[in-house]
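Chemist: my questions concern the predicted model and sequence given below.
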Amino acid sequence: MAEPWEEEEGPVKKFMFVNRKAPYGTVYALESLEVVLISAAFDQDVTLVFTDDGVLQLKKGQSTDGIGMKNFSPTYRALEGYDVEKLFVDKESLDARGLTEDDLLVDVQVVSKAELADLMDEQEVVMSF
Amino acid sequence: MKFGILVTEGPYQHQASDTALQFCRAALEKGHEIMRVFFYNDGVNNATRYTTPPQDDRNVVDSWSALAKDHNIDLVVCVAAAQRRGIVDEGEAQRNGKDGNNIADGFRISGLGQLVEAGIQCDRVVTFGD
Amino acid sequence: MTMLHNVNKSPFERNALEACMSLAKKGSKILLTEDAVIGAMDNTAVADTIKGAMNDFSFYVLGPDLQARGLDEGKLISGFTVVGYDGFVDLVAETDNVQSWV
C-alpha cells in the first residue's frame, strides 16, 4: 500500500482567470481573487491575466480609507505563497492607462496581446468575472 | 458531455440567469449532463425563496428549483458570496446569529471548492455574467 | 485548439467584443448573445469592424435574443450564422474550450 506521500495527486488542469475590471467599482476583482486562492489550494495550474481595466487591480499605493472599503491589494502579494506565480499583464492596457511595470505592486510578466492569445489558447478552464 | 455552469448575476437585474436556464434546458434536452450550477457574486441572489415577481412574468428562482428537482441538478451557492449578500440556510443562520433563513428549494450553500471541482471534473465550464 | 468566445454585452456599451477580438486566436468562433446581438446587424457604426474580422473568426448570433429586441434576421451582417439555445450548446460541445467576455 502506498504511503500518503506516495499517493497520486488528483487531476491538475490549467485554469486561467481573466481580469478586465478595475477594483472597488465592482466586486469582481475581489471575488475573482478568492477563486484563485481556492484553485491554488486545490493544486491546480493557475494563470492570471490582467487586461483592460484589470491592470488597475495591481496598481501600487491603493489607499481605501476614504471610500470606506477594505484594501485587498495586499492579497496579490500573498499569491506567491500559494504557488500562484504566473501573472501576465497586457502591455497595451498598461500603455493606454499611462502605466508601466514599475506602477505595479507585484512581479508580473508584461506581454503583448499576441502572447496573451497564445496563453489563453493553452488553457483548459477559463473564467472571467 | 458534462457541463459546469457558473452564474454570476442575480435574477431580473441581468439576463445572465435566464440565459443560463435556457442553456441548461437545451443541454439536457440534447442528452448532456449538467454536473453543477454554481452561483457566485450576485448570482447567489437566485437562491432566495422570498421573490414575488409579477404573475405574468417568469419566476426565475422557481425555475431553477424546478430544473434541479426534475433533473437532479446540484445548485450550489457560494458561502462567502452568500454571507455578503444575505442568502442564508438554517445552518448559516445558526452560525451567524440570524433570525431566519431564506434559501430556496434545491439550492445548497457551500464553498468555492465546489466551483473548482466542477472545473476539474467537467468537460466545459460556461459562465453567464455581466 | 478552437475556442468559443461568448460575448453578451453590446459593443456600444462595453469593450467586451473589441477585447475579445483582440485576444481571440484566428479560427475561433464568436457567439453574440443578449445585448451583444446588435453587433450582428449590418449598417451600424461597428459593422465595418466586424466585417473586417470575418476572415479571422466565425460569427454566430443567438436568434431568440435578436427576436426579443425586434432585430431583423434579414438585416444581419453577411456571414453571421443564427443559432438557437440548442445551437449554443452545440457550439460549446464542438469547440475545444469556451470563454465568456463579461
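Modeler: Thanks, I have the structure now.
Chemist: wait, C:Pro11 touches C:Ala36, no?
Modeler: Yes. Counting by Cβ atoms under 8 Å, C:Pro11 does reach C:Ala36; the two are 7.0 Å apart. To be clear about C-beta, it is placed using only N, CA and C from the backbone, and glycine gets the same treatment.
Chemist: pick out whichever of these two has more residues nearby.
Modeler: C:Ala36 (26 against 23; other Cβ atoms under 10 Å in any protein chain shown).
Chemist: nearest spatial neighbour of the more buried one, skipping sequence neighbours?
Modeler: Distances taken as Cβ to Cβ, 6 or more residues apart in numbering or on different chains place C:Val7 nearest to C:Ala36, at 4.6 Å, with adjacent residues excluded.
Chemist: circling back: common neighbours of C:Pro11 and C:Ala36, please.
Modeler: Here C:Pro11 and C:Ala36 have C:Leu17 as joint contacts, going by Cβ atoms under 8 Å, 6 or more residues apart in numbering or on different chains.
Chemist: ranges for the helices of chain C?
Modeler: Per DSSP state H, chain C carries helices over the ranges C:16-23, C:47-52, C:63-68, C:85-94.
Chemist: swap that for chain A, please
Modeler: For chain A, helices defined by DSSP H occupy the ranges A:28-41, A:74-78, A:91-96, A:113-121.
Chemist: quick one: closest of these to chain B.
Modeler: For the helices of chain A, distance to chain B was read as Cβ to the nearest Cβ. The smallest value, 4.2 Å, belongs to helix A:28-41.
Chemist: which residues touch B:Asn59?
Modeler: With Cβ under 8 Å, 6+ apart, B:Asn59 has these contacts: B:Thr51, B:Pro53.
Chemist: same thing but at 6 Å, please
Modeler: B:Pro53 (Cβ atoms under 6 Å, 6 or more residues apart in numbering or on different chains).
Chemist: what about it, distance to B:Ser65?
Modeler: Distance from B:Asn59 to B:Ser65, counting by Cβ to Cβ, to the nearest Å: 9 Å.
Chemist: now mean pLDDT and distance to chain A too, for the helices of chain C, in TSV please.
Modeler: Below are the helices of chain C laid out as TSV (pLDDT from 0 to 100; distance: least, Cβ to the nearest Cβ, whole Å):
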stretch	mean pLDDT	distance to chain A
helix C:16-23	98	5
helix C:47-52	98	16
helix C:63-68	98	20
helix C:85-94	98	12
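Chemist: go through those and pick out the most buried.
Modeler: helix C:16-23 (a mean of 21; mean count of other Cβ atoms under 10 Å in any protein chain shown).
Chemist: got a list of contacts for that one?
Modeler: If you take Cβ under 6 Å, 6+ apart as the criterion, helix C:16-23 is touched by A:Asp52, A:Lys113, A:Leu116, A:Ala117, C:His5, C:Val7, C:Lys9, C:Pro11, C:Gly39, C:Ala53, C:Trp101.
Chemist: go on, stretch A:72-83?
Modeler: Here stretch A:72-83 makes contact (Cβ under 6 Å, 6+ apart) with A:Leu30, A:Leu33, A:Ala40, A:Gln62, A:Val106.
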